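Peer 1: Starting from these lines, generate the structure:
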Amino acid sequence: MSQRAPRATTILPGIRRVSQFGVHFLVASVDDIIRSKESTGRAKDEDDVLLLKELKRLQK
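Peer 2: Prediction:
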């Protein structure tokens, strides 16, 4: 059984709507998420930023 690639539609710059199996998701880029979390200044978000940056580094 082959899977179809999800269809994506750009809604706003940096935000896409992805449809898979009739379910729609709004998806932002990792860079946009990092930038948003950095701007809040909350301790929990700082931890999230460190994790996201490390995961992004490991993917390269």
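Peer 1: CA atoms for contacts and neighbours, from now on please.
Peer 2: Will do.
Peer 1: How about the longest helix along the chain, which residues are buried there?
Peer 2: Longest helix in the chain, counting residues (DSSP state H): helix 43-59. Buried positions in helix 43-59, judged by neighbour count with 16 or more other CA atoms under 10 Å: D45, E46, D48, V49, L52.
Peer 1: Stretch 6-19 now?
Peer 2: A8, R16, R17, V18.
Peer 1: Am I right that the second one falls within a strand?
Peer 2: Yes: under the criterion used here (DSSP: H, G, I helix; E, B strand; the rest coil), R16 sits inside a strand.
Peer 1: Tell me the spacing between it and S36.
Peer 2: In this view, R16 and S36 are 16 Å apart by CA to CA, to the nearest Å.
Peer 1: can you list contacts of the helix or strand hosting D31?
Peer 2: Per DSSP states H and E, D31 falls inside helix 30-40. Here helix 30-40 makes contact (CA atoms under 8 Å, 6 or more residues apart in numbering) with G14, D45, E46, D48, V49, L52, K53.
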